[in-house]
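K.L.:
attaching a predicted model along with its sequence, questions to come.
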Amino acid sequence: MHVKVKVITNASKNEVKREDDNLKVYITQAPERGKANKKLIELLAKHFQISKSDIELVKGEKSKFKTVHFKTPIKL
């Protein structure tokens, strides 16, 4: 399942919000050297209670608009 995600970095707290069929993820991590992408995967895994290995960043590695693939079914 592919899901579009908008990432807000340098936020005051880590949070995952649903917007229609997309997600908006607030991350306290700065967008440097892939740290925010790692934190994104950690947050999504915790939020949906799945393994980090079941989440793959498909598109948008250097953009705030990303496409994430979930290998296991999730409910938005």
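P.N.:
Sure, I can see it.

K.L.:
what residues does Ser12 make contact with?
P.N.:
26, 28 (Cβ atoms under 8 Å, 6 or more residues apart in numbering). All C-beta atoms are positioned from the backbone trio N, CA, C, and that covers glycine.

K.L.:
state the pLDDT value of it.
P.N.:
The model reports Ser12 with a pLDDT of 95.

K.L.:
what's it sitting at in phi/psi?
P.N.:
With angles defined as degrees, to the nearest 10, Ser12 sits at phi -80, psi -20.

K.L.:
could you check how far it is from Tyr26?
P.N.:
8 Å (Cβ to Cβ, to the nearest Å).

K.L.:
what's opposite Glu19 in the beta bridge?
P.N.:
Beta-bridge partners for Glu19, by DSSP bridges, are Asn22.

K.L.:
tell me how many other residues crowd it.
P.N.:
When neighbours are defined as other Cβ atoms under 10 Å, Glu19 has 11 of them.

K.L.:
great, nothing more from me.
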